[in-house]
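In: Sharing a model prediction with you, sequence too.
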Amino acid sequence: MQFHFDEGRTKVEDKEILMYKEVLLPEKLSANIPQPSIPIFMPFRYCCAGGTMLIRRLCVYLRDMGYEVNVVRDFLNWEDYQKAAEYYESSLDSLEAAPGNSIRDQYLIEVCKNSRSICYILDMQGELQAHIPNGNPVPFFMQIVCGDNPIIWGIIIENEIGHRNCNVDYYCKAIANTKKFMKPFDKTIVIFNKIDETPFMLSPCSVDQKVAYNYARKKYPGLFDLFKTTNVFQKLARPYNCDFVTFSSGYYYTHTHNNLHYYANSNNCFPRTLWEHILKYCK
């Protein structure tokens with residue numbers, strides 16, 4: 001069952017509206033995380049920032065590297081969630097670009113190696129995360145953020161925010177408000193996504209990291225200052241207590257007949273570098 005949202009209205013059959021009202025409203029959802037000590041990599045983003053495609057590219061890479069990548073079937077408490085989770089897992093290998101997430105599309109992915117859990121990856125709708133600036137965070141999101149699992153925050157930025165309901169100031173405010181809930185043992189990675197759409201990418205696996213980093217600091221004023229290193233002895237070598245990674249999920253093509261979007265995977269250097277940064281916080 002697929003739900004499509006248009007300015008707060010849902011295009012569903014009458015018999016399904018009751019289910020939508022009673023189960024799929026965000027405040028009705030609760031999360032089940034099987035292992036409370038496993039780190040959760042959480043890409044934090046606004047709508048249309050490419051978070052789901054980033055996750056998909058990372059999962060494809062991990063499977064190719066011999067990791068077990070499985071969607072947790074009982075993460076959320078709504079009817080038929082298991083079927084939705086199975087469909088989502090099967091779509092990870094699809095060459096068709098992922099559609100935008102709806103309220104139901106929140107998935108927890110477990111990454112294992114030799115049957116040992118390494119971390120979770122959370123794919124959550126950007127719009128739900130963007131409620132934070134107005135003091136109205138979604139309960140199940142706060143349940144995860146304030147829970148026992150260490151969070152590896154993947155703060156997604158890009159060259160241009162491409163959504164009419166978000167801008168740089170609003171997004172930086174969302175991050176600042178979220179920072180209040182970050183636990184002392186949480187970690188942060190700032191991810192410059194869609195780097196292939198910028199002049200900073202010089203070849204399929206070469207990015208001018210220094211220029212991209214300096215551009216990101218100017219483009220998102222105050223963002224890095226949220227993570228300033230306070231230790232006098234450490235801040236000379238590491239002025240900000242966050243990592244910086246550039247990323248590209250792939251290259252997109254729109255079919256002229258069916259208007260579907262397809263893509264080719266980016267070079268492995270992008271998911272490999274991101275995974276190295278995630279993995280060092282999973283020890």
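Out: Looks like it arrived, so ask away. Quantities reported herein were computed from a predicted structural model and do not represent experimental measurements.
In: Quick check on R56: phi, psi?
Out: When quoted as degrees, to the nearest 10, the phi and psi of R56 stand at phi -60, psi -40.
In: what's the closest non-adjacent residue to F192?
Out: Distance criterion CB to CB, 6 or more residues apart in numbering; nearest residue to F192, sequence neighbours excluded, is T246 at 4.6 Å. Placement of C-beta: from N, CA and C, glycine included.
In: same question, V211
Out: F200 (5.6 Å).
In: State the distance from the one you found to F192.
Out: 8 Å (CB to CB, to the nearest Å).
In: got it, and A264?
Out: 20 Å.
In: Then W78?
Out: Applying CB to CB to W78 and F192 gives a distance of 34 Å.
In: When those two are compared, which one has more neighbours?
Out: F192 (25 against 17; other CB atoms under 10 Å).
In: That one: what's it in contact with?
Out: I157, E158, A212, Y213, A216, F244, V245, T246, F247 (CB atoms under 8 Å, 6 or more residues apart in numbering).
In: neighbour-wise, which of these leads?
Out: F247 (27 neighbours).
In: Contacts only, for that residue.
Out: Contacts of F247 (CB under 8 Å, 6+ apart): L54, I191, F192, N193, K194, I195, F270, P271, T273, L274.
In: got CSV for those, with secondary structure and pLDDT too?
Out: Listed next are the contacts of F247 as CSV, based on DSSP: H, G, I helix; E, B strand; the rest coil; pLDDT from 0 to 100:
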residue, secondary structure, pLDDT
L54, helix, 95
I191, strand, 98
F192, strand, 97
N193, coil, 95
K194, coil, 94
I195, helix, 96
F270, helix, 97
P271, helix, 97
T273, helix, 98
L274, helix, 98
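In: Which members of these are the farthest-apart pair?
Out: The most widely separated members of the contacts of F247 are K194 and T273, with 15.3 Å between them, by CB to CB.
In: Compare these two and say which is more crowded by neighbours.
Out: Using other CB under 10 Å, the more surrounded residue of K194 and T273 is K194, with 21 against 17.
In: From T246, how far out is the more buried one?
Out: Applying CB to CB to K194 and T246 gives a distance of 9 Å.
In: likewise M124?
Out: Counting by CB to CB - M124 and T246 are separated by 22 Å.
In: Help me confirm that N193 comes into contact with E158.
Out: Yes. Here N193 reaches E158: they are 5.0 Å apart, a contact under CB atoms under 8 Å.
In: Leaving out chain neighbours, which residue sits closest to Y253?
Out: Y262 (5.0 Å).
In: Quick one: residues contacting that neighbour.
Out: L95, E96, A97, Y252, Y253, T254, H255.
In: out of these, which are buried?
Out: The neighbour count (16 or more other CB atoms under 10 Å) marks A97 as buried among the contacts of Y262.
In: For the residue nearest the centre of the chain, what are phi and psi?
Out: Central residue check for the chain by CA atoms, centre = their mean: the C-alpha nearest the mean position is that of P43, 2.5 Å away. Phi and psi for P43, reported as degrees, to the nearest 10, are phi -60, psi 120.
In: Kind regards, and thank you for your time.
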